[in-house]
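Student: sequence-free structure coming up:
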Ligand SMILES: Cc1ncc(C[n+]2csc(CCOP(=O)(O)OP(=O)(O)O)c2C)c(N)n1
Ligand SMILES: Cc1ncc(C[n+]2csc(CCOP(=O)(O)OP(=O)(O)O)c2C)c(N)n1
Ligand SMILES: [Mg+2]
Ligand SMILES: [Mg+2]
């Protein structure tokens, strides 16, 4: 299934071990992700926050992939678009907005970093930076640390397809492969790196082909399909947990919005192309799948959307009213405070 | 032929378009390469020069590969072990020794760089550094420049198998592949990166498998066989010159000596392994091939070896007596002298 | 704008961003060896629109959208430079020059020296730097000190549209690698009339942007403008401030630095980068070595604090960057020392 | 060696290389979280034999031969550090730290700050640096100034076996990333008796290696020894030289630097790196800012010349490196200023 891309929804196989309640939770997270994403865009356009970088279109890939992990023992290196991953791991809409404003209660950085630079120690989501692909060597190292400590955690590490052009991608995946580190390298191939289409990044047609260089499995999956993504990643996680090393998974998807609030995508792609992909909207697709399975119905979906809208409104207000970081705080934690102790 | 490794010399196909005289020249270059290499080792052991890094065992790969290029229009990015490449391109034993001592007449750097940091502008051999793999992006850029200028040169770029672990390998080969730049990436897989065997660098069994990540051909060839190496590289050069882009060629060979004069290889490989590979000595093999073809006979081979020995003696003396660089010269050419003009 | 070599007439005011674009367009039109490479520099015209229109004008062979990989942007530019081209390599944000550090410092800077002039490497690496744009931690950094430490490189950081254009054109014509920093906080303004024609400003020359008698302040980039503001404010208090724009950070214009130090005897160096080992450290050390007995006050430095980088939250960002008020305060202290 | 916290008895003299090896062995034995990773650190024991025997003692899970790729050596060490280990990452030669520059500067140095203490990055990056070993251009560089510019990093460069061991042990126990430079020119000697037992030397403290009255010379690494030699030579001429060993380059021991400057009023900073924006620039700027009126002479710097790196040929290598004679000459000039 992984390597085939079903043309119609019917052709996809939603067979899964995920219970109905879990599926409903995932659907709710997807709807919340979309609502948070759209609110961030709105806040930016209103001048309330400085910057946003939308994930619209990539929600199924994110939420399907992360569902295959065990939040009680696995480690996470998500990339900036992964609102869906973070909401799945316990971050709240308010947290995301706090990051957007740069408020002190922002759990990622206390307002120090631009939005979407995830960090959530309690969920083992490791702090990230802006230079892309730098987290890939980190994920390899964390995987090796788990091996050494005899723990059975698996590491999730995501990035865009453009980021696979970078040396750190090569070095990180290669080292993980050599040491059979338990890492899932999850590429959200949304077809563009800012303005540059796939063909400017690589001479292969699928990111999964890059896996051959490392002697690890490479899987390509329809990233707009939660079930398909979940199934492929799940298999990869099982392999990693069993000691069989890393997998490179490519989720084929599409960025429905501009690259960021600072981008204008009109000079590098057509409106028709976007419209074509919008027809495959992952939330719509997941909803149809759940309705067909009898897990969801239209009324419940609408109620859920209304609840989410309220939640996002309240979260926006809460974040807006939260305090700014104090200047006195800005010099703290350049180094550890309180002498020798734990690394963190 | 490229992907098969003939067990016996007889199984190899020495069919070639290279005329007898050319073959004899290549044989002479091989013998000279070996003699220069051994002399450098001796000089280092005598304390006359500071450092050497032997190429013994890799001569066939080097001389077979470079023979496939056109010295009148092609560009070269050899790596430190490529004495055979450089002697093929017009560098003399005296030049190599001048570099060994660090004398002013050293054509590479005027005594500024350690030995084996090739540079020979008249032959379009571009200056190199010590950090490995850095020349790979350069080669990609030179290939693109040739494309832009409408020239039909092809770029030779060599490196060891350990160096394929580096980000610059990935980034350089990838960019060249995307732009279909005319570059031959030639990997001399001598099985070790200092003490580290192949399995510590990659989870694939052949460097050629790395090509799949870039959508370019990957070829693996017996690098101890001049004819086989020449044939494979020749085909790659023809493709590149025709506009069909880069090829990654792996020449499987072996480093018969320690990594360098500073290395002791006894703790990381067995004497038996070395002895096994010594049986496949590339010079011996080439000699047998040429004798079988009637191009060479034992008497002529001996005479030639004697000539080379004399030449190498004379070259050693000449380099030893050459002047040191003056201190006053050391501040020159940090920047161009004489204002705006040519880049070099 | 002392150093302009142009005699042409003036027209309407331009921004620093327009200055960059014009310099590239003119040099590409003038010299077919000049190419531009970087992420999104093609159809997108660069994320700041610095190369808008160049792709249409010069085509995809000379305006090259590269893969997302800074080391190969610089590395391939080096390979093109040694082969006779004159590449401009754009790094999207100066913060992302670090993956290319080895190619810039160990390669580009050393090509000529290590081959004893066998090869040269005429290359411009352009990078927007600096803060005040809500880009913390990684879209606001000042990284110029790393490169200003490296012999073999030239490092330029202009502050005004005339200098921006004139220095970029000089950089493109230079036979050696030039790291060209454009402060993104002043891309939009203040605007300035740029002399028309082949306007060149020489690399290596500082410029007294405002002459003064009592105190000297030395700066570059956005900080230059805050220093000018402080000088203007202090003029009302009877303190006459000389403002020296370094413009080039390697090689430093030692003569101009020592001249202003000797003239006023009171020097403050202002920079947005972290203080320790920032560019101001060298300026200060130069003066302490060569003009110590001309000084009437300690050499002050007003610079970014010793935290890893400028934070994102507005109050913290404001805290990080030296302000006109803070600079005025320091100069007042020096003047009355 | 003033700052030792150890009270144990002395035994036979050890080299700096042995000091490094002992520090790693002891810390690995003491703390199972400590691992070592790098090229050839395993069976080969490192190209300088710094880790000889550790592979046999601690196995291939804790002594890891990495692929030939510095960015992932540091990057993976960061990932191991955040996950609770305490990696020592070896860079074979400091010249090859540049491919890892982004991981060191943008990542390791900022992990704690950017997560506001959510994560920490206890990591030691060891790198042999410096010249005098016929390694030009690329096996002799001094790269410490790049890292000493970066808040979030600690940068250490000891000169004597006792300090080498005591500071490496402190670095391994530190909760933050430490870049640890070992001058390869003094790996073999001079030897010194190292206090036995758990010998720790604190990061951030300079050390007066020779007290004096007339002139101060400030240095680190191999240059410290040349300064000691110069001081010894000048003692015969009646010039009493105080020699301050910086030991830590970030954070600088401002107090110790200002104390010696105030004591003698005549300061020379000596370093092997290129002069402009080398570590001495910051030392000089600090003094010029905080102790200017205690000075009786300009602050001198004796440093490597402004060429890209130390050349290979013996006469050029000798020319590049400050010599004891050259240092003595400068100190003589200062003393009689
Ligand atoms: C090292 C580095 N270079 C450049 C950038 C600027 N930049 C931010 S996102 C981006 C495109 C990334 O594309 P991709 O990896 O496909 O992820 P996507 O944004 O499409 O999800 C670029 C060039 C960066 N963040 N880091
Ligand atoms: C970036 C970098 N790191 C480390 C080194 C030190 N070093 C020199 S050669 C070498 C091994 C190279 O192995 P390989 O690429 O297989 O080439 P070989 O020497 O076997 O021909 C290493 C680690 C270096 N020169 N550059
Ligand atoms: Mg993308
Ligand atoms: Mg090898």
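Tutor: Yep, that arrived. What you are looking at is a predicted structure, and each value in this text was computed from that prediction instead of being measured. Ligands and ions are numbered 1, 2, ... in the order given.

Student: can you name the residue of chain A nearest ligand 1?
Tutor: Nearest residue of chain A to ligand 1, counting by C-beta to the nearest ligand atom: residue A:160, 1.9 Å away. Using the backbone N, CA and C atoms, a C-beta is placed for each residue, glycine as well.

Student: how close does that residue get to ligand 2?
Tutor: Separation of residue A:160 from ligand 2 (C-beta to the nearest ligand atom, to the nearest Å): 27 Å.

Student: that residue touches residue A:191, doesn't it?
Tutor: No - applying C-beta atoms under 8 Å as the test, residue A:160 and residue A:191 come out as separate, 9.7 Å apart.

Student: hmm, back to that, tally of neighbours for the residue of chain A closest to ligand 1?
Tutor: By the other C-beta atoms under 10 Å in any protein chain shown criterion, the neighbourhood of residue A:160 contains 24 residues.

Student: my guess is residue A:243 meets residue A:179, correct?
Tutor: No - counting by C-beta under 8 Å, residue A:243 sits too far from residue A:179 to count as a contact (11.2 Å).

Student: between the two, which has more neighbouring residues?
Tutor: Set side by side, residue A:243 and residue A:179 show more neighbours around residue A:179, with 25 against 10, by other C-beta under 10 Å.

Student: so what's that one scoring on pLDDT?
Tutor: If you check residue A:179, the pLDDT there is 98.

Student: try residue C:208
Tutor: pLDDT, residue C:208: 98.

Student: hey, where'd the strands end up in chain A?
Tutor: Along chain A, counting by DSSP state E, strands occupy A:75-77, A:155-160, A:183-189, A:192-193, A:196-197, A:218-222, A:247-252.

Student: any buried residues in the third one, and which?
Tutor: Read that as strand A:183-189. Neighbour-count burial for strand A:183-189 flags A:183, A:184, A:185, A:186, A:187, A:188, A:189 (criterion: 16 or more other C-beta atoms under 10 Å in any protein chain shown).

Student: what's the distance between the third one and residue C:224?
Tutor: Read that as residue A:185. Distance, residue A:185 to residue C:224, using C-beta to C-beta, to the nearest Å: 45 Å.

Student: contacting residues around residue 178?
Tutor: This is for chain A. Going by C-beta atoms under 8 Å, 6 or more residues apart in numbering or on different chains, residue A:178 touches B:199, B:200, B:201, B:202, B:203, D:67.

Student: nope, chain C please
Tutor: By C-beta under 8 Å, 6+ apart, the neighbours of residue C:178 are C:123, C:124, C:125, C:153, C:154, C:155, C:156, C:171, C:203.

Student: adding secondary structure, write those out as a markdown table.
Tutor: Putting the contacts of residue C:178 into a markdown table (DSSP: H, G, I helix; E, B strand; the rest coil) gives the following:
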| residue | secondary structure |
| --- | --- |
| C:123 | coil |
| C:124 | strand |
| C:125 | strand |
| C:153 | strand |
| C:154 | strand |
| C:155 | strand |
| C:156 | strand |
| C:171 | helix |
| C:203 | coil |
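
Student: wait, what's in contact with the residue lying closest to residue C:140 once chain neighbours are set aside?
Tutor: Closest residue to residue C:140 apart from its sequence neighbours, by C-beta to C-beta, 6 or more residues apart in numbering or on different chains: residue C:131 at 3.5 Å. Residues counted as contacts of residue C:131 (C-beta under 8 Å, 6+ apart) are C:140, C:141, C:142, C:185, C:272, C:310, C:317, C:320, C:321.

Student: let's see it at 10 Å
Tutor: The contact partners of residue C:131, by C-beta atoms under 10 Å, 6 or more residues apart in numbering or on different chains, come to C:137, C:139-142, C:183-185, C:222, C:272, C:304, C:309-312, C:317-318, C:320-321.

Student: okay, now residue 123: neighbour count?
Tutor: I went with chain A, as the question did not name one. Residue A:123, neighbours per other C-beta under 10 Å, totals 19.

Student: the chain in question should be chain C.
Tutor: The burial count for residue C:123: 31, using other C-beta under 10 Å.

Student: so where do the helices sit in the stretch 151-300 of chain C?
Tutor: Shown for the stretch 151-300 of chain C, the helices assigned by DSSP state H, counting those that start in this stretch span residues C:161-173, C:222-235, C:254-264, C:279-290.

Student: ok, which of those helices comes nearest residue A:128?
Tutor: helix C:222-235 (27.6 Å; C-beta to C-beta).
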